[in-house]
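> Have a look; sequence and predicted model below, questions after that.
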Amino acid sequence: MYSKVLVANRGAVAARVIRALKGLGIRSAVLYSDADKDLPYVAQADEAIALPGSAATETYLNQPAVLAALATCGADAVHPGYGFLSENAGFARRVTEAGAGFIGPSPQWIEAMGHKTRARDTMASLGMPMSRSSGLLGADAAANLREAAAIGFPVLVKPAGGGGGIGMVAARSAEELERAVGQARALTQRSFACDDLYLERLMEKPRHIEFQVLADRHGEVRHLFERDCSIQRRHQKVIEESPAPRLPRAQVLERADEIVRVLSRMGYDVIGTVEMLRDMAGEWNFLEMNTRLQVEHAVTEEITGIDLVAAQVKLASGMRMRDVLPAEVQSRGHAIEARIYAEDPVKFYPSPGLLEVFRMPAGDGVRVETGYAEGNRVTPHYDPMIAKVIVHAPSRDGAIARLEQALRATEIAGLKTNLPFLLKILASAEFRSGEVHTGLVGEIAARH
């Protein structure tokens with residue numbers, strides 16, 4: 001087991017990792033930028049190391065600075081959290097070359113799953129179901145059109161080297177395709193310094209279901225059930241829950257077992273999430289694999305009682321699965337997470353500012369994950385998510401009621417938040433009935 005871990009991240013995930021390390025008796029060192037120096041988790045770590053500057057590129061994405069901090073603090077491992085360098089295979093290799101452990105999958109899996117077309121090829125070769133898609137697009141508009149025609153409109157132009165919904169542009173006709181490719185290429189080049197694009201069949205109103213997996217470095221892979229992440233705005237998840245509502249449990253568990261078999265054949269290790277789309281006809285298709293801890297990991301923790309961050313640390317250190325998880329993991333009750341963003345609840349523009357009032361809910365079955373406290377400032381330098389509220393109850397109806405109550409009890413002043421819109425989603429007939437899909441948020445927004 002590690003003795004000291006550098007937390008190479010910020011905000012809610014940094015606070016969460018520090019808490020898990022304390023529970024394991026492992027010392028923590030955390031990085032902080034100029035913009036984050038007053039955030040509460042910085043004082044909670046055993047050691048804090050400054051990264052001069054505020055922009056992500058000069059701080060949390062600055063590999064030489066992060067590696068220098070690793071050398072300075074003498075940590076024997078790095079936890080990358082999510083976002084920033086968490087899925088950067090080159091960074092993972094540099095950490096191991098520096099003699100420290102990388103608390104995530106082996107670099108080869110980060111690299112294999114990080115490029116979407118290569119990931120699809122790998123998974124397809126192992127029997128995972130795939131929707132129709134293309135190879136990498138070139139500069140020849142006529143060739144790209146032939147690829148789209150072979151798939152069938154509508155299609156989605158997607159970045160091969162990025163994620164988070166950035167650079168995804170729909171094209172519903174041949175006339176729209178060239179514009180969509182140009183728009184997507186500009187976005188992906190700016191966001192990921194890689195403009196590789198491909199086409200994928202655009203599913204209308206699919207369910208977005210992801211499966212949480214853990215794996216040791218000795219060949220054993222386990223799943224910890226699914227999360228329904230269909231409530232999205234502009235391809236960004238807003239509300240996640242488990243179990244997935246209105247889906248046959250046998251079908252979901254069969255899919256989870258198939259994923260375990262595929263990843264076992266690959267030799268995958270440590271932690272990951274396989275994301276699938278299920279269309280209206282009930283067909284499942286592989287979307288992508290995230291080789292890190294997910295933002296919504298707490299949903300799985302609430303239904304299983306498993307500390308995923310602690311398990312990730314143990315597995316990365318070389319422990320066997322039998323010493324990390326119980327022989328049988330059960331799903332109990334229902335959990336839902338809502339992400340609170342500092343943004344205009346109507347136009348959805350970021351709304352940075354001072355948290356003049358920041359009073360989060362508490363009570364039975366209510367959990368809050370945040371990196372902020374009252375009096376802190378939410379800056380424009382990073383993602384505008386300021387907190388996650390997670391609830392657990394014996395039933396889905398009970399969880400919805402508990403989450404509504406928790407969100408109404410949340411008091412935030414000094415900046416705008418998406419709290420009003422979250423409550424509209426929870427109050428919608430479609431959400432309450434479990435008839436969810438990835439376009440539902442847009443439909444709800446159009447009504448108001």
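Perfect, I can see it now.

> which SS state does the residue nearest in space to the middle of the chain fall under?
Using Cα atoms, centre = their mean, the residue of the chain that lies closest to the mean C-alpha position is Q294, 3.8 Å off. Classification of Q294 using DSSP: H, G, I helix; E, B strand; the rest coil returns coil.

> quick one: low-confidence parts of the stretch 101-250 of the chain?
162-164, 190-193 (pLDDT under 70).

> For it, just list every one of the helices.
Taking DSSP state H, counting those that start in this stretch, the helices of the stretch 101-250 of the chain run over residues 107-114, 116-125, 141-151, 174-192, 249-266.

> and those as JSON lines, adding distance to I306 and mean neighbour count?
Every C-beta, even on glycine, is put in place using the N, C-alpha and C of the backbone. Putting the helices of the stretch 101-250 of the chain into JSON lines (distance: least, Cβ to Cβ, whole Å; neighbours: other Cβ atoms under 10 Å) gives the following:
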{"stretch": "helix 107-114", "distance to I306": "21", "mean neighbour count": "21"}
{"stretch": "helix 116-125", "distance to I306": "25", "mean neighbour count": "18"}
{"stretch": "helix 141-151", "distance to I306": "39", "mean neighbour count": "15"}
{"stretch": "helix 174-192", "distance to I306": "32", "mean neighbour count": "17"}
{"stretch": "helix 249-266", "distance to I306": "15", "mean neighbour count": "16"}
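
> can you list those in a markdown table and add distance to A8?
Formatted as a markdown table, those follow (distance: least, Cβ to Cβ, whole Å):
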| stretch | distance to A8 |
| --- | --- |
| helix 107-114 | 14 |
| helix 116-125 | 24 |
| helix 141-151 | 38 |
| helix 174-192 | 19 |
| helix 249-266 | 25 |
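
> how about the strands in the stretch 251-400 of the chain?
Listed in chain order, the strands of the stretch 251-400 of the chain (DSSP state E, counting those that start in this stretch) span 270-278, 284-290, 334-341, 353-354, 357-359, 366-370, 377-378, 385-393.

> re earlier: got a list of what the residue nearest to the centre of the chain touches?
With contacts defined as Cβ atoms under 8 Å, 6 or more residues apart in numbering, the neighbours of Q294 are Y82, E210, Q212, R227, T273.

> How about L355?
L355 is in contact with Y372, A373, E374, G375, N376, R377, V378, I386, I412, A413, G414, L415, counting by Cβ under 8 Å, 6+ apart.

> swap in V181?
V181 makes contacts with L137, A141, N144, V157, V169, A171, L197, as judged by Cβ under 8 Å, 6+ apart.

> And the residues you listed, which is closest to R359?
Nearest to R359, judged by Cβ to Cβ, of the contacts of V181 is V169 at 39.7 Å.

> mind checking how far that closest one is from T188?
Look at V169 and T188: by Cβ to Cβ, to the nearest Å, they are 10 Å apart.

> just to revisit the earlier point, quick one: buried ones out of the contacts of V181?
Those of the contacts of V181 that meet the buried threshold are L137, N144, V157, V169, A171, L197, by 16 or more other Cβ atoms under 10 Å.

> Show me which of those residues is closest to D344.
Using Cβ to Cβ, the buried ones among the contacts of V181 come closest to D344 at V169, 23.1 Å.

> Point out the ones among the contacts of Q294 that are inside strands.
The strands, defined by DSSP state E, take in E210, Q212, R227, T273 from the contacts of Q294.
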